[in-house]
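*Asks:* I would like to see how this sequence folds:
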Amino acid sequence: MASPLDLPPVGLGTMGIDDPDVIATALDLGYRHLDTAQIYGTEDVVGEGLARSAVPREDVTIATKVWADSLAPDDVRRTTAESLDRLGLESVDLLYVHRPVETYDPDETLPAFDDRRDAGTIRAVGVSNFSRAELETAQAVLDAPIAAHQVEFHPLFQPDDLLAHAREHGYPLVAYSPLANGRAREIDAVVDIAENHNATPEAVCLAWLAAKEGVVTIPKASSAAHLRANLDAQDLELDPAERERIDAIERTDELFPE
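*Replies:* Sure, this is the predicted structure:
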């Protein structure tokens with residue numbers, strides 16, 4: 001079953017952003033996917049930025065995540081309401097299970113997410129940092145289709161098995177930390193390709209991800225220049241050999257393990 005969401009190739013990750021004007025600027029530049037989470041402490045910033053922008057609410061996909069200590073059913077209901085209050089919204093487009101650890105129990109947690117969808121407070125259910133086995137369990141329990149799976153994905157960590165699952169089941173893989181947590185300029189292949197295109201290593205990382213079928217990405221940026229550069233990166237075209245060279249990078253450097 002296909003995802004109910006149509007996510008743009010490049011969205012905005014908001015962890016660490018503390019100025020609502022950054023959000024408003026991003027929207028004015030063309031961002032239409034804003035990603036936050038309860039644990040980030042930025043839901044109020046995202047909500048205020050959205051309120052300051054002239055971009056209509058219905059044109060923007062707003063995603064947030066329930067943290068691992070709040071995945072019991074009553075806590076899902078309570079914290080989702082608190083998230084909506086901080087965001088200043090009646091509903092969000094995408095609500096993720098942030099990590100399937102601590103209070104996560106698929107048979108208890110996931111029906112609570114379905115319940116939020118049935119109640120109209122969320123449009124779609126997502127998961128984040130799941131293994132393939134955890135994805136298959138979630139699919140068996142959920143009434144709703146998995147609308148997105150958010151995972152760490154960059155040249156130094158390439159979860160191809162999870163991408164294969166996403167493609168097989170018709171939902172997008174949402175790549176976080178696409179710039180390898182600031183290490184894009186330390187990856188020789190990426191630097192070489194950037195020089196060939198008179199581009200930045202960061203732009204090459206984003207272009208490489210944007211070229212992958214079924215992948216969207218959510219780099220964080222705060223300045224207008226970096227916000228614009230990340231959007232523009234999706235227009236950088238890497239040739240097949242360049243993409244294959246990045247695909248072949250040793251991929252053992254997971255920056256945010258459980």
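*Asks:* What is the helix or strand containing residue 226 packed up against?
*Replies:* Taking DSSP states H and E as the criterion, residue 226 maps to helix 224-232. Here helix 224-232 touches helix 20-29, helix 201-210, going by 3 or more CB pairs under 8 Å, 6 or more residues apart in numbering; DSSP states H and E. Just so you know, the C-beta spots here come from the backbone N, C-alpha and C atoms, and that holds for glycine as well.
*Asks:* avg pLDDT for the last one?
*Replies:* What it means is helix 201-210. The average pLDDT for helix 201-210 rounds to 97.
*Asks:* And for the first one?
*Replies:* Mean pLDDT, helix 20-29: 98.
*Asks:* and that helix, which residues are buried?
*Replies:* In terms of neighbour count (16 or more other CB atoms under 10 Å), helix 20-29 has its buried residues at 20, 21, 22, 23, 24, 25, 26, 27.
*Asks:* And for stretch 118-130?
*Replies:* Buried residues in stretch 118-130, defined by neighbour count with 16+ other CB under 10 Å: 121, 122, 123, 124, 125, 126, 127, 128, 129, 130.
*Asks:* Give me the angle between the helix holding residue 226 and helix 20-29.
*Replies:* Comparing the axes of helix 224-232 and helix 20-29 via axes from the mean of the first three to the mean of the last three CA atoms, to 10 degrees yields an angle of 40 degrees.
*Asks:* The helix or strand following helix 224-232 - contacts with which helices or strands?
*Replies:* Sequence-wise, the next helix or strand downstream of helix 224-232 (DSSP H and E) is helix 240-247. Where contact means 3+ CB pairs under 8 Å, 6+ apart, helix 240-247 is packed against helix 188-197, helix 201-210.
*Asks:* Relative to residue 143, which of these is closest?
*Replies:* Nearest to residue 143 among the helices and strands packed on helix 240-247 is helix 201-210 (30.6 Å), distances taken as CB to CB.
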